[in-house]
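Novice: Would you be able to build a 3D model of this:
(2 chains)
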Amino acid sequence: MTTNSRMQRRFAALKDENRAALVTFTTAGDPNYEHSLNTLLGLPGAGADVIELGMPFTDPMADGAAIQLGSQRALANGQNMVKTLQMVRELRKQDQDTPLVLMGYYNPIYRYGVDTFLKEAADAGVDGLIVVDLPPEHDDELCVPAAAVGIHFIRLATPTTDAKRLPGVLANTSGFLYYVSSTGVTGAAAPTPEKVQREVEVIRAHTDIPIGVGFGIRTPEQAARIAQFADGVVVGSALVDCIAGAQTPEAGTAAVLSLVSELSSAIRTAR
Amino acid sequence: MSTDTSLRQGPDASGFFGRFGGRFVAETLMPLILELQDEYERAKQDPAFHAELETLRKDYVGRQTPLYLAERLTEALGGAKIYLKREDLNHTGAHKINNCLGQILLAKRMGKKRIIAETGAGMHGVATATVAARFGMECVIYMGSTDIHRQQPNVQRMKLLGATVIPVTSGTGTLKDAMNEALRDWVTNVDDTFYIIGTVAGPHPYPALVRDFQAVIGEETREQMLEKEGRLPDTLLACIGGGSNAMGLFHPFLDDTSVKMIGVEAGGEGLDKRHAASLKGGEPGVLHGNRTFLLQSDDGQIQDAHSISAGLDYPGIGPEHAWLHDINRVEYVAVTDDEALEGFKALCKLEGIIPALESAHAIAYVQKLAPTLPKDHIIVINLSGRGDKDMATVTEHLAAELAE
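Specialist: Predicted coordinates for the structure are as follows:
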């Protein structure tokens, strides 16, 4: 793994600015390819520091209703892995600095072929992967091969990740660690910031890599509170809800980018 | 038999049967799955655990179940001698209770107070609700809305037994979607909840422990067959959705090379149309915690299964079956909805036994197979469940005949 990746440069720069990263999640192809791409291309300008792009899957077992429905909208409109990788190439034509992480489940990658996927993803400009159903026990499947082509494998740590498991979870993690603040699915209510802060501090004692916090963060106020102690704040379901609730796809893009701007402002003044 | 060539040693320490199996779950669930594995290993070594399970099997479930010579079916088909392993006579009407009893004893050992399960036909849901009532635990059952409609009697049974039945409307509202929703509940309530998975699938150690609890079917069959015929059967036959009743019958015979085994998948409307035959019509993939054969698109999206039988309506299959298919130890075939209905009718009329539509798939295949075999060839069919729950479906499909 390179020691000077786009991801590492971004987190280092933000550390110098003494602020947390805004990490946004939207699903590729939601509600359709064209408007999802418009949203993606607008994210860096609106204030997203790291972009997570969901690879839609029929059976998102760790996701709540919002992201399930986002996946369904995308798939119903013909989204597939080829198109998702094409979106990354489109982003890279105009943005060379914003790290992009593909997030999803293993089966679409497995079916695509791990080697083919990794080669195309690296060529397209993908910086990291979050694959929910690949725990450290299965690092040989994707995590280790991803590192070999310079793609970070970003691991989730959760409230159930105890002291015994933490070293294994951290072992092959790079880029950043995604701390899932609650047990449960995406979009569920978050616990108190004080509790999350304590848990993040426990993890920080074991690692130097940046720690992003997600699950249940919806508003600028919540984001600012988490940004006081975390290196990154992940917002997903709230953005996907903007698309679901919009009258038109254009309005969905506008609503996402507007919320991203508000979240970004809040994070910039949090500390 | 020597242990290093035995086919009964799987899975390996990581939960793999060959290239299938594993623990493909979210990090939140990993500690719990490892804890379950440890507890199961301890339970296996604990005579008190086995004693309690044995007593419940005998006095609560009514084991052992009969191995019944189906004389009129045998005569009608004019070939091989056919025995039925009567799992339909278990308390709650199917083999599912064998597994639920084992798992609820594990839940009790782990101090869990809340039980969740997914169900397709409702037989696993009923069995889970039953053991939860028996052990005084809260019980939540996830069931697809399509299945709720076609399996009403089982929904009412679960409610009577004190379970909360939560309809699942995502996807096609069948077993796969119910399992997604149960996994979402589990990941949310990981501290106090035990997930009783109903088949030989899911993350390790579920495929192994469900198999072990169901292996009582094959163990009894072996003993009963030796008693009745003085030899082992020639062919074992069972229907397969996830594959728990088949694995329960097959596993104790895997090292007996003279015993042929055939798993019957749900061919739905035909393998070129909508079906639920993951081995005959699927490709390897990862879903619900394990790598196995799945019905899926070229893009790795899971496709909806179709079967007349709700219990077989699942786009995957247990990983040990996928492995047994890989190494050609078990033959897997498929029969269609229409053939299953014919098997259903035949067993009603010839033997006075109303089989579950799931089990009717195995009957349908024996109708093709038995006539091709000599009279001294012995077949055992696992009659995995009874058909009371299927009256609405059958009535709908056979409306014209039943109106006569």
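
Novice: for the closest residue to chain A within chain B, helix, strand, or coil?
Specialist: Taking CB to the nearest CB as the measure, the point where chain B comes nearest chain A is B:G300, at 3.1 Å. All C-beta spots, glycine's among them, are computed from the backbone N, C-alpha and C. Per DSSP: H, G, I helix; E, B strand; the rest coil, the local secondary structure of B:G300 is coil.

Novice: how about residue 200, what does it touch?
Specialist: As the question left the chain open, I've gone with chain A. A:V200 makes contacts with A:Y179, A:I211, A:V213, A:F229, A:A230, as judged by CB atoms under 8 Å, 6 or more residues apart in numbering or on different chains.

Novice: please go with chain B instead
Specialist: By CB under 8 Å, 6+ apart, the residues touching B:V200 are B:206-207, B:210-211, B:214, B:242-244, B:247, B:318-321.

Novice: so B:K159 sits right up against B:P153, yeah?
Specialist: No. B:K159 is beyond contact range of B:P153, at 11.0 Å (criterion: CB atoms under 8 Å).

Novice: ok, for whatever residue of chain A ends up closest to chain B, nearest residue in space, not its chain neighbours?
Specialist: Of chain A, the residue with the smallest distance to chain B, taken as CB to the nearest CB, is A:R111 at 3.1 Å. The shortest distance from A:R111 to any residue that is not its chain neighbour, by CB to CB, 6 or more residues apart in numbering or on different chains, is 3.1 Å, and that residue is B:G300.

Novice: since we're on the one you found, how many residues are nearby?
Specialist: When counting by other CB atoms under 10 Å in any protein chain shown, one arrives at 25 neighbours for B:G300.

Novice: could you point out which element follows the helix or strand harbouring the residue of chain A closest to chain B?
Specialist: Taking DSSP states H and E as the criterion, A:R111 maps to helix A:106-112. The first helix or strand that comes after helix A:106-112 along the chain, using DSSP H and E, is helix A:114-124.

Novice: Starting from the next helix or strand after that next one, tell me which strands it pairs with and how they run.
Specialist: Taking DSSP H and E as the definition, the helix or strand that follows helix A:114-124 towards the C-terminus is strand A:128-131. Partners of strand A:128-131 in the sheet, by DSSP bridges, are strand A:100-104 (parallel), strand A:152-153 (parallel).

Novice: Output these as CSV; include the columns distance to B:D191, mean pLDDT and mean neighbour count.
Specialist: As requested, those are arranged in CSV below (distance: least, CB to CB, whole Å; pLDDT from 0 to 100; neighbours: other CB atoms under 10 Å in any protein chain shown):
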stretch, distance to B:D191, mean pLDDT, mean neighbour count
strand A:100-104, 26, 98, 25
strand A:152-153, 28, 98, 25
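
Novice: tell me which residues in stretch A:214-227 are buried?
Specialist: A:G214, A:F215, A:G216, A:I217, A:R218, A:P220, A:Q222, A:A223, A:A224, A:R225, A:I226, A:A227 (16 or more other CB atoms under 10 Å in any protein chain shown).

Novice: What's the end-to-end length of it?
Specialist: Start to finish, the residues bounding stretch A:214-227 are 11 Å apart (CA to CA, to the nearest Å).

Novice: neighbouring contacts of that stretch?
Specialist: Stretch A:214-227 is touched from outside by A:19-20, A:22-23, A:25, A:178-182, A:184, A:186-191, A:193, A:196, A:213, A:233-238, A:262-263, A:265-267, A:269-271, with contacts defined as CB under 8 Å, 6+ apart.

Novice: OK, contacts around the nearest residue to B:G15 once chain neighbours are set aside?
Specialist: Using CB to CB, 6+ apart and skipping residues adjacent in sequence, the residue nearest B:G15 is B:H204, 2.4 Å away. When contacts are counted by CB under 8 Å, 6+ apart, B:H204 touches B:P11, B:S14, B:G15, B:F16, B:G21, B:G22, B:R23, B:I33, B:Q37, B:G289, B:N290.

Novice: and these, which of them are in strands?
Specialist: B:F16, B:G21, B:G22, B:R23, B:G289, B:N290 (DSSP state E).

Novice: ok, the residues you listed vs B:S384, which is closest?
Specialist: Distances from the ones in strands among the contacts of B:H204 to B:S384 were compared by CB to CB; the smallest belongs to B:N290, at 21.4 Å.

Novice: what's the neighbour count on that closest one?
Specialist: Burial of B:N290 is recorded as 31 neighbouring residues (other CB under 10 Å).

Novice: quick one, what contacts it?
Specialist: Applying CB under 8 Å, 6+ apart, one finds that B:N290 lies in contact with B:15, B:20-24, B:201-204, B:207, B:316, B:318-319.

Novice: in the strand or helix carrying A:T253, what's buried?
Specialist: For A:T253, the host element (DSSP H and E) is helix A:249-268. Of the residues in helix A:249-268, those buried under the neighbour-count criterion (16+ other CB under 10 Å) are A:249, A:252-257, A:259-261, A:263-264, A:266-267.

Novice: Show me chain B divided up by domain.
Specialist: Annotated domains of chain B cover B:16-58+B:95-205, B:63-93+B:215-403 [the TED database].

Novice: Could you export those as a markdown table, including mean pLDDT?
Specialist: As requested, the domains of chain B are exported to a markdown table (pLDDT from 0 to 100):
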| stretch | mean pLDDT |
| --- | --- |
| domain B:16-58+B:95-205 | 95 |
| domain B:63-93+B:215-403 | 96 |
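
Novice: can you tell me which of the ones you listed comes nearest to A:T84?
Specialist: Distances from A:T84 to each of these were compared using CB to CB; the minimum, 9.9 Å, belongs to domain B:63-93+B:215-403.

Novice: residues contacting the residue nearest the centre of chain A?
Specialist: The centroid of chain A falls nearest to A:E52 when counting by CA atoms, centre = their mean (3.4 Å). Residues in contact with A:E52, defined by CB under 8 Å, 6+ apart, are A:V23, A:T24, A:F25, A:T26, A:L100, A:V101, A:L102, A:M103, A:I130, A:V234, A:G236.

Novice: My guess is the third one contacts A:G104. True?
Specialist: No. With contact defined as CB under 8 Å, A:F25 does not reach A:G104; the gap is 10.7 Å.

Novice: who touches both of these two?
Specialist: By the contact definition CB under 8 Å, 6+ apart, A:F25 and A:G104 are jointly contacted by A:G54.

Novice: Residue 142: what's it in contact with?
Specialist: Reading this off chain A. By CB under 8 Å, 6+ apart, the residues touching A:L142 are A:Y106, A:I109, A:V114, A:L118, A:L129, A:V131, A:L134, A:F153.

Novice: you looked at the wrong chain, it should be chain B
Specialist: B:I116, B:A117, B:E118, B:T119, B:I166, B:V168, B:A178, B:M179, B:E181, B:A182, B:D185.

Novice: And the buried ones among the residues you listed, selectable in ChimeraX?
Specialist: The following ChimeraX selection, which keeps only the buried ones among those, applies the criterion 16+ other CB under 10 Å:
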select /B:116,117,118,119,168,178,179,181,182,185
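
Novice: Looking at the contacts of B:Y142, which is nearest B:V366?
Specialist: Distance ranking of those against B:V366, using CB to CB, places B:T119 first at 26.9 Å.

Novice: now that closest one: how far from B:V140?
Specialist: The gap separating B:T119 from B:V140 is 11 Å, by CB to CB, to the nearest Å.
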